[in-house]
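Asks: make a model of this:
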Amino acid sequence: MTTTPTKPLVLLVDDDSDFLWQQKVQLEAAGFDVVTAVGESDAKRRLAERHPDLAVIDVMMDNPDTGFTLCYHIRKVAPKIPLILVTSIVSETGLDFALATDNDRAWIAADALLAKPIRFEQLLSEIDRLMPGKVTTTETAGAMS
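Replies: Next up, the predicted model:
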């Protein structure tokens, strides 16, 4: 009996239902299982149910810093989960930050930071960097069937 390999699970957290839907469809087409959460409390419930292999988290949701606090929470309960923050802070507030220095990485608590609007190829590139060998494309997924 052969077993089907399990797909990596991505937790996608945002308060924008259009963004959630678009990213979910694209991630599933790339070979991932996806669980969505609307806001911090929903994300914490999802985390209690099942630890994902990776999380993509919006910064500004319930509060302007919700994504940061959620990253800190995830780091406490599941420190090995790669975290990607997505944000429109730069376009909305003019604040610009990055993960360029050790100091930046210390307070941001994420492994990658992408500015919205993001291109899906950018997200896949970061996922591939954080989880090598887990990204497939629709073409390779079809060829593997």
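Asks: what is the closest residue in space to L27 that isn't next to it in sequence paired to in the beta sheet?
Replies: Counting by CB to CB, 6 or more residues apart in numbering, V34 is the residue found nearest to L27 once chain neighbours are left out, at 4.9 Å. (Glycine included, C-beta is placed from N, CA and C.) Beta-bridge pairing for V34 (DSSP bridges): V10.
Asks: how much space separates V34 from R46?
Replies: Relative to R46, V34 is positioned 11 Å away (CB to CB, to the nearest Å).
Asks: contacting residues for the residue nearest to L27?
Replies: Residues counted as contacts of V34 (CB atoms under 8 Å, 6 or more residues apart in numbering) are L9, V10, L11, L12, Q23, K24, L27, E28.
Asks: before we move on, what about L83?
Replies: Going by CB under 8 Å, 6+ apart, L83 touches L54, A55, I57, C71, I74, R75, A109, A110, D111, A112.
Asks: quick one on the thing from earlier: ok, so of the contacts of V34, who is nearest P64?
Replies: P64 lies nearest to L12 out of these, by CB to CB, at 19.9 Å.
Asks: secondary structure of that closest one: a helix, I assume?
Replies: No - assignment of L12 by DSSP: H, G, I helix; E, B strand; the rest coil gives strand, placing it outside any helix.
Asks: give me the mean pLDDT for the strand or helix carrying K44.
Replies: Element membership for K44 (DSSP states H and E) is helix 40-49. For helix 40-49, the mean per-residue pLDDT is 95.
Asks: report all helices and strands that that helix contacts.
Replies: Other helices and strands packing on helix 40-49, by 3 or more CB pairs under 8 Å, 6 or more residues apart in numbering; DSSP states H and E, are strand 9-13, strand 33-37, helix 66-77.
Asks: the most centrally placed residue in the chain sits in which helix or strand?
Replies: Centroid check for the chain by CA atoms, centre = their mean gives V56 as the closest residue, at 1.3 Å. Per DSSP H and E: V56 is located in strand 54-58.
Asks: one more: L123?
Replies: With DSSP H and E as criterion, L123 is part of helix 120-130.
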